[in-house]
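Student: Turn this into a structure:
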Amino acid sequence: MLGTPEERAAYRNAVNGSHARVPGAFDPELQRWVGACIYRGFEEAREYTYGPLTGAEREEFYRQGAIFGGMLQMPLALWPVDRDAFEVYWREGLAAAEIDANVGEYLHRVIRLEYLGRRIPAPVLRLRTWLVTGYLPAELRPKLGLIWTPAQQRRFVRFNKVVGAVVRRLPASRRAWPFTRSIAHIRARVAAGEHVFGS
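Tutor: Next up, the predicted model:
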């Protein structure tokens, strides 16, 4: 979102290098789904903080979100034409999504942060599992064997209201820091002729 065309090209090339080892990773339809998942996460984060998107603002936010698929291998013509069309695509995709045992175990290892290669304290893992489950679409929770109760949902809503209130009170520079820090890191690596994702 923040990069120049040259920086986006460098990022795309790095992603392509990683995807080259993954069967089907260059399938435009699969990349459309990946882009949709990324977009939906950003949209939810925005709405948790500032409230529902409506009208022209909703459509403009959605239009800018096309970059998430377009930065991968999705032709922009595949991006649903407007936010209502996206909602139909999103709901149909969730209903059709399947998670087999191998993928499910891989995702649970990600949830447990096993890729870090070190012991994670149990309270951190419990919090992480709760957050991941809360942010997952309801349709996917049972497919991963994750339990979510009405009481947990109420607590999750309260949690996001508190976080949103804190974020809204931060100076703009602090709110943008996770993103400006990431793009600064990429720019430094590109300028140094290094791989975008590091060693």
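Student: Contacts only, for the spatially most central residue of the chain.
Tutor: For the chain, the residue sitting closest to the mean C-alpha position, by CA atoms, centre = their mean, is I38 at 3.6 Å. Shown in contact with I38 (CB atoms under 8 Å, 6 or more residues apart in numbering): F68. Every C-beta, even on glycine, is put in place using the N, C-alpha and C of the backbone.
Student: For the spatially closest residue to I99 that is not a sequence neighbour, the count of nearby residues, please.
Tutor: Nearest residue to I99, sequence neighbours excluded (CB to CB, 6 or more residues apart in numbering): K143, at 4.5 Å. When counting by other CB atoms under 10 Å, one arrives at 17 neighbours for K143.
Student: check contacts around K143.
Tutor: 97-99, 104.
Student: who wins for most neighbours among those residues?
Tutor: I99 (15 neighbours).
Student: On the three-state scheme, that residue is what?
Tutor: What DSSP: H, G, I helix; E, B strand; the rest coil gives for I99 is coil.
Student: switch to numbering from 146
Tutor: Fine by me, first position is 146 from now on; the one you just mentioned is I244.
Student: For the longest helix along the chain, which residues meet the burial criterion?
Tutor: Determined from DSSP state H, the single longest helix within the chain is helix 173-195. By neighbour count on 16 or more other CB atoms under 10 Å, the buried set for helix 173-195 is 176-181, 183-185, 188, 193-194.
Student: Which strand or helix spans G169?
Tutor: Under the criterion DSSP states H and E, no helix or strand holds G169.
Student: picking that back up, for the buried residues of helix 173-195, give me TSV that also has pLDDT.
Tutor: Compiled in TSV, the buried residues of helix 173-195 are given as follows (pLDDT from 0 to 100):
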residue	pLDDT
Q176	89
R177	92
W178	93
V179	90
G180	92
A181	95
I183	93
Y184	95
R185	96
E188	96
Y193	92
T194	92
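Student: so can I have JSON lines of the contacts of K288 showing pLDDT?
Tutor: Converted to JSON lines, the contacts of K288 look like this (pLDDT from 0 to 100):
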{"residue": "A242", "pLDDT": "94"}
{"residue": "E243", "pLDDT": "94"}
{"residue": "I244", "pLDDT": "95"}
{"residue": "G249", "pLDDT": "96"}
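Student: Low-confidence ranges, the chain, go.
Tutor: 343-344 (pLDDT under 70).
Student: Sounds good, over and out.
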